[in-house]
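K.L.:
Here's a sequence, model it:
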Amino acid sequence: MISEQWPADLPIARVRVARPTDRLDEVVAFYRDGIGLNVLESFEGAGYTGVLLGLPGVAYHLEFTHHVDGSDCPAPSRDNLLVFYLYDRAAMDRIVARLHTQGYPSVPPENPYWSEDRCATIEDPDGWRVVFMHIQQPAS
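P.N.:
Numbering: from 1, shown residues only. The predicted structure follows:
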């Protein structure tokens, strides 16, 4: 059974996934302009420039950083995925079309679970894969 609450002994307030990149502007444009995430914050200091992206009112963020000495972070495999589940198929199709227009084509999934009939897999500027998957909204 899926719980709607964090376990009492794990009182998490926020989750952030952070990753370095040497293409900060391109990566931010991909997630902001292509996917539609909001820039929540940006920062500079100690040789780092960074941007946090996410959804307003939701405690899940992506952080991308660049260090002045370089921040190369190639994707480790085609199975390292960031997955967005969407209830609205038309919205999913619009996001995918927008990314295609910006020069990011769909790529075949490594794992057949992410079949192209219900998902779209697209590589960001660093080669990390993002999956958009249409799912049915649960009955109320």
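K.L.:
Hmm, Met133 is touching Arg118, no?
P.N.:
Yes. Contact criterion Cβ atoms under 8 Å: Met133 and Arg118 qualify, at 6.3 Å. (C-beta placed from N, C-alpha, C; glycine too.)
K.L.:
out of the two, which sits in the more crowded spot?
P.N.:
Met133 (17 against 13; other Cβ atoms under 10 Å).
K.L.:
show me the contacts for the closest residue to Asp79 other than its chain neighbours.
P.N.:
Counting by Cβ to Cβ, 6 or more residues apart in numbering, Glu110 is the residue found nearest to Asp79 once chain neighbours are left out, at 4.8 Å. Glu110 sits next to Ser77, Arg78, Asp79 when contact means Cβ atoms under 8 Å, 6 or more residues apart in numbering.
K.L.:
what comes up buried for the longest helix seen in the chain?
P.N.:
Assignment by DSSP state H gives helix 89-101 as the longest helix of the chain. In terms of neighbour count (16 or more other Cβ atoms under 10 Å), helix 89-101 has its buried residues at Met92, Ile95, Val96, Leu99.
K.L.:
again, but for stretch 33-48
P.N.:
Of all the residues in stretch 33-48, those buried under the rule 16+ other Cβ under 10 Å are Gly34, Ile35, Leu37.
K.L.:
host element of the residue nearest the centre of the chain?
P.N.:
By Cα atoms, centre = their mean, the mean C-alpha position of the chain lies nearest to Leu82, the distance being 5.1 Å. Here Leu82 sits within strand 81-86, counting by DSSP states H and E.
K.L.:
quick one: that strand to helix 89-101, angle?
P.N.:
Interaxial angle, strand 81-86 versus helix 89-101 (axes from the mean of the first three to the mean of the last three Cα atoms, to 10 degrees): 140 degrees.
K.L.:
Check what contacts strand 81-86 and list those residues.
P.N.:
Taking Cβ under 8 Å, 6+ apart as the rule, strand 81-86 contacts 17, 35, 62, 92, 95, 114, 121, 128-135.
K.L.:
hmm, which of those residues are the buried ones?
P.N.:
Buried members of those, counted by 16+ other Cβ under 10 Å: 35, 62, 92, 95, 114, 121, 128-134.
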